[in-house]
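# Model the structure of this input:
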Amino acid sequence: MFRSLAAVCLWIFLLLPAPETARAGERVFRISTSYKSLLSTPEQTGMLDMLLKEAFRRSGLRAEIVFTPTERSMYDVDAGLLDGEINRIEGMEKRFPNLVRVPEPNMTMHFVAFSNRPYPVDGWESLKNLHVGVVSGWRILEEHTVDFPKRILVPSETELFTMLHKGRIDVALYDKLTGYETISRLGYPEIRHLEPPLINRDMFLYMHKSHSEVVGTIAEALRGMKLDGAYDRIVSEAIARLGADAR
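Next up, the predicted model:
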């Protein structure tokens, strides 16, 4: 009798759906981020974290956002140590041939000069003779200021805006949105951005070429999010958490 009961119980157990923990072996795409800001946080609750995790979910995939220093991030993805890079300008595949760009933009970045003085801005050349600060690894900013005689490269946005606050540089070049987040976090309300922007660029997710088959699916998911309002909702919630005027 006991043997029969045990056999029935085993039969029932085998028919039950696998528990959630059985999905531990499910493929997780590890997406590299070098941000520690509004865009990406250690808790994976930043604007880009949420946008891309939702795009992957709609694609029937899973994404995990992992931090890698700016200078190393693209190299690690190109080498296949990580699966993707969260947010870079178009054309990075020319330098890193193992990367494939997801063709739908994640966002548009507005690169501006920040200062506590009203310098006139009329393109990059108007800043050439100033003491200009740039975060090392931000390629678009490095490339446009490579011949600036007083350019200073710093390791992070914290050092960048602290140097500006202390008067060690005249202007800090950075993304407008995340720049205001840093200003708010550090408590430097006297620093404001200068108009007009130096350049506006669409930013993209890059995947290692071994994952080329998912690129189109993720792009379609991002487009769908923009159409059904999910994209705007995630962006609005992130900006609301900023606590500073970044308009």
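# Would you list the phi and psi of Glu85?
When read as degrees, to the nearest 10, the backbone of Glu85 gives phi -120, psi 130.
# With just CA atoms, put the helix or strand containing Lys94 into PDB.
If you go by DSSP states H and E, Lys94 is part of helix 92-95. Output of helix 92-95 as PDB, limited to C-alpha atoms (Å, rounded to 0.1, in the frame of the first residue of the first chain):
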ATOM      1  CA  MET A  92      31.400  52.200 -32.200                       C
ATOM      2  CA  GLU A  93      31.300  49.000 -34.300                       C
ATOM      3  CA  LYS A  94      34.000  50.500 -36.500                       C
ATOM      4  CA  ARG A  95      36.400  50.500 -33.600                       C
END
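# Which elements pack onto that helix?
Packing partners of helix 92-95 (3 or more Cβ pairs under 8 Å, 6 or more residues apart in numbering; DSSP states H and E): strand 99-101. Placement of C-beta: from N, CA and C, glycine included.
# Now do the strand it packs on: distance to the chain's middle.
Distance, stretch centre to chain centre, for strand 99-101: 15 Å (Cα atoms, centre = their mean, to the nearest Å).
# for the longest helix belonging to the chain, what is the average pLDDT?
Ranked by residue count under DSSP state H, the longest helix found in the chain is helix 212-228. Across helix 212-228, pLDDT averages out at 98.
# pLDDT below threshold where in this structure?
Applying pLDDT under 70 to the chain flags the ranges 1-26, 242-247.
# ranges for the helices of it?
Ranges of helices in the chain, per DSSP H, are 2-15, 47-58, 70-78, 92-95, 139-144, 157-165, 176-186, 212-228, 230-240.
# And the shortest one, what's buried?
When you say that, I think you mean helix 92-95. Neighbour counts using 16 or more other Cβ atoms under 10 Å place 92-93 of helix 92-95 among the buried residues.
# now swap in the last one and tell me
For helix 230-240, a neighbour-count test (16+ other Cβ under 10 Å) marks 230-231, 234-235, 238-239 as buried.
# Ok, the longest one next?
For helix 212-228, the buried set under the neighbour-count rule, 16+ other Cβ under 10 Å, comprises 214-215, 218-222, 224-225.
# What of the third one?
By neighbour count, with 16+ other Cβ under 10 Å as the criterion, the buried positions of helix 70-78 are 70, 73-74, 76-78.
# And the contacts of that helix?
The contact list for helix 70-78 (Cβ atoms under 8 Å, 6 or more residues apart in numbering) reads 32-34, 68, 82-85, 88, 92, 95-99, 135-138, 206, 208.
# mind giving me the domain ranges of the chain?
26-107+202-240, 109-200 (automatic domain parsing).
# nearest to Tyr174, of the buried residues of helix 70-78?
Closest to Tyr174 out of those is Thr70 (12.7 Å), distances taken as Cβ to Cβ.
# For Val132, see how far away the closest one is.
To Val132, Thr70 is 18 Å away according to Cβ to Cβ, to the nearest Å.
# which one of the buried residues of helix 70-78 is nearest Glu142?
Checking the buried residues of helix 70-78 against Glu142 with Cβ to Cβ, the nearest one is Thr70 at 10.7 Å.
# count of residues packed around Glu64?
By other Cβ atoms under 10 Å, 14 other residues sit near Glu64.
# Go ahead and confirm it touches Thr33.
No. Contact between Glu64 and Thr33 fails when scored by Cβ atoms under 8 Å: they sit 10.5 Å apart.
# Tell me what His110 is bridged to.
His110 has these beta-bridge partners by DSSP bridges: Asn200.
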